[in-house]
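[1] what shape does this take:
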Amino acid sequence: MYDGSIGYTSITGRAALVMSETRVTYNTVYFNYASKNTTYAYLFAVTPGTHGQDVSYTFYNNGGLSTAVTNVTVALAL
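    The predicted structure is shown next:
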């Protein structure tokens with residue numbers, strides 16, 4: 001059951017996946033559709049992908065305050 005084949009390897013991982021999908025992912029998709037897709041959205045998948053980790057990528061300024069950036073290509077794309 002917790003072998004990673006469906007996205008998690010522990011009960012904690014399962015709970016985190018449920019929370020992220022029901023509180024963030026679904027609401028984002030709904031908002032995009034409700035706004036007739038005139039919004040911007042992205043899936044941030046840089047490991048470990050923790051909450052708030054994307055901020056330094058989103059506001060990357062070639063090094064400056066973005067010391068947490070480990071993938072400059074992703075930062076430049078954002």
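[2] got a pLDDT number for the residue nearest to Y8 when sequence neighbours are not counted?
    Distance criterion Cβ to Cβ, 6 or more residues apart in numbering; nearest residue to Y8, sequence neighbours excluded, is R14 at 4.5 Å. Heads up, the C-betas are built off the backbone N, CA and C, glycines and all. With respect to pLDDT, R14 scores 89.
[3] who touches the helix or strand encompassing R14?
    Secondary structure assigned from DSSP states H and E places R14 in helix 11-20. Residues outside helix 11-20 that contact it (Cβ atoms under 8 Å, 6 or more residues apart in numbering) are 2, 7-8.
[4] 7 Å instead, please
    7-8 (Cβ atoms under 7 Å, 6 or more residues apart in numbering).
[5] quick check: buried residues in it?
    Across helix 11-20, burial judged by 16 or more other Cβ atoms under 10 Å covers no residue at all.
[6] give me the angle between the helix or strand immediately after it in the chain and helix 11-20.
    Downstream of helix 11-20, the next assigned helix or strand under DSSP H and E is helix 26-34. Angle of helix 26-34 versus helix 11-20, following axes from the mean of the first three to the mean of the last three Cα atoms, to 10 degrees, is 20 degrees.
[7] distance between helix 26-34 and the chain's centre?
    In terms of Cα atoms, centre = their mean, to the nearest Å, the gap separating the centre of helix 26-34 from the centre of its chain is 15 Å.
[8] now do it, average pLDDT.
    Helix 26-34 comes out at a mean pLDDT of 87.
[9] by contact count, what packs against that helix?
    The contact analysis (3 or more Cβ pairs under 7 Å, 6 or more residues apart in numbering; DSSP states H and E) places helix 26-34 against no helix or strand.
[10] for the chain, which spans come out with low pLDDT?
    The chain contains residues with pLDDT under 70 at 63-67.
[11] can you list the domains in it?
    The chain resolves into domains spanning 1-39, 42-78 when parsed by automatic domain parsing.
[12] so what's V69 closest to, chain neighbours aside?
    Excluding the flanking residues, the one nearest V69 by Cβ to Cβ, 6+ apart is A75, at 4.8 Å.
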